[in-house]
Each structure stands twice: as C-alpha cells, then as structure tokens.
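Participant: Would you be able to build a 3D model of this:
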Amino acid sequence: MNDIYSTYKKNDISTSSPLKMVLMLYDGAITFLKKAVEFAEQGDIKNKNIYANKARDIIVEFNNSLNIQQGGEIAAKLRSLYFFMDRHLMISKWDNDIQGLNDVIDLLSNLREGWQDVYEQKMEIEAEYNANEYQAANIVA
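Facilitator: Numbering: from 1, shown residues only. As a prediction, the model looks like this:
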C-alpha cells in the first residue's frame, strides 16, 4: 500500500504545475511545523528540531527562488516575510518556544491561502479558455 502511495505522490509532483508545486511546498512546511510542535509538546527536542529544520529548508528555498526584479514589490515583501519566518524559527528552536512555531504556521497558512486563491483563479481562466476553444472548434467543424 505504501508503494502505491509513493508512486502516486511522485507522479503528482512530477506532473504538477509550478503553482501547484508552490501549494504542495507550503503544505509540506506547515505539516513539518505541526509535527515540530507535537514533538516539542512531548519534550522530544531532537525531533522538534528535525521537523522545524525541514520547514525552514522550504522557507529558505522559497526565499532563494524569489526574483525581486521580476516580482517587484510583492517579491520584496515576500522576501521580508521569509526572512522574518526564518529568524523566528531559529529563535523559537533555540528557546524551545512552541508559540513561535505556531506563529510561523499561521503566517505560512495565510500565504498558502493567497496562493490557493491565485491557483483557483488560474484554473477558472484556463477552464473558460478551454471551453471557448472547444466552442470555436465546433463552430468551424
């Protein structure tokens, strides 16, 4: 059963649009931080740090992938948020601050919602375009 899930997940990742990949990465970072919180609550500092670092890796990669010249003000604001989350995670890990981890989960969740809205709008536009193309093809035929 695990092999089927792994195969499905690999196919989902390899065939996803860049926007869908962004959503998956946000989901991953949020999931990792939730696990970090669980481990912190259990007093398992080692696993808390492992999962917090996995989330941090995603946040750092988001930051590294920003193109400030093309993205302008939005990219610059995202960069500030990613830097803030990175610092906040580091301090929260050092201080064993569960609330700090939850703060980053909240920020990531809000950003993910925004990306989800963009994804849904893109899907609506593509569906409308495809419907118009289909109608145009049937008129010509």
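
Participant: drop to CA atoms for contacts and neighbour counts, all remaining ones
Facilitator: OK.

Participant: Run through who's touching stretch 45-57.
Facilitator: Contacts to stretch 45-57, defined as CA atoms under 8 Å, 6 or more residues apart in numbering, come from residues 28-30, 32-33, 35-40, 86, 89, 93, 96.

Participant: So for the chain, the centremost residue is which one?
Facilitator: Central residue of the chain (CA atoms, centre = their mean): residue 26, 1.5 Å from the mean position.

Participant: contacting residues for it?
Facilitator: Applying CA under 8 Å, 6+ apart to residue 26 gives the contacts 58, 108-109, 112.

Participant: Let's see that with 6 Å instead.
Facilitator: Counting by CA atoms under 6 Å, 6 or more residues apart in numbering, residue 26 touches no other residue.

Participant: and if you look at the one 4 residues further on?
Facilitator: Contacts here follow CA under 6 Å, 6+ apart; on that basis residue 30 touches residue 105.

Participant: Pull the helix or strand containing it out as CSV, backbone CA atoms only.
Facilitator: Taking DSSP states H and E as the definition, one finds residue 30 inside helix 18-41. Only the C-alpha atoms of helix 18-41 are listed here, as CSV (Å, rounded to 0.1, in the frame of the first residue of the first chain):
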residue,chain,number,x,y,z
PRO,A,18,4.6,25.3,-10.8
LEU,A,19,1.7,26.9,-8.9
LYS,A,20,0.5,23.6,-7.6
MET,A,21,4.1,22.8,-6.5
VAL,A,22,4.2,26.0,-4.5
LEU,A,23,1.0,24.9,-2.8
MET,A,24,2.5,21.5,-2.1
LEU,A,25,5.6,23.1,-0.6
TYR,A,26,3.5,25.3,1.7
ASP,A,27,1.6,22.2,2.7
GLY,A,28,4.8,20.4,3.5
ALA,A,29,6.3,23.3,5.5
ILE,A,30,3.0,23.6,7.5
THR,A,31,2.9,19.8,8.1
PHE,A,32,6.5,19.8,9.2
LEU,A,33,6.0,22.6,11.7
LYS,A,34,2.9,21.0,13.1
LYS,A,35,5.0,17.8,13.7
ALA,A,36,7.7,20.0,15.3
VAL,A,37,5.0,21.4,17.7
GLU,A,38,3.8,17.9,18.6
PHE,A,39,7.4,16.8,19.3
ALA,A,40,8.0,20.0,21.3
GLU,A,41,4.9,19.3,23.4
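
Participant: Good, wrapping up.
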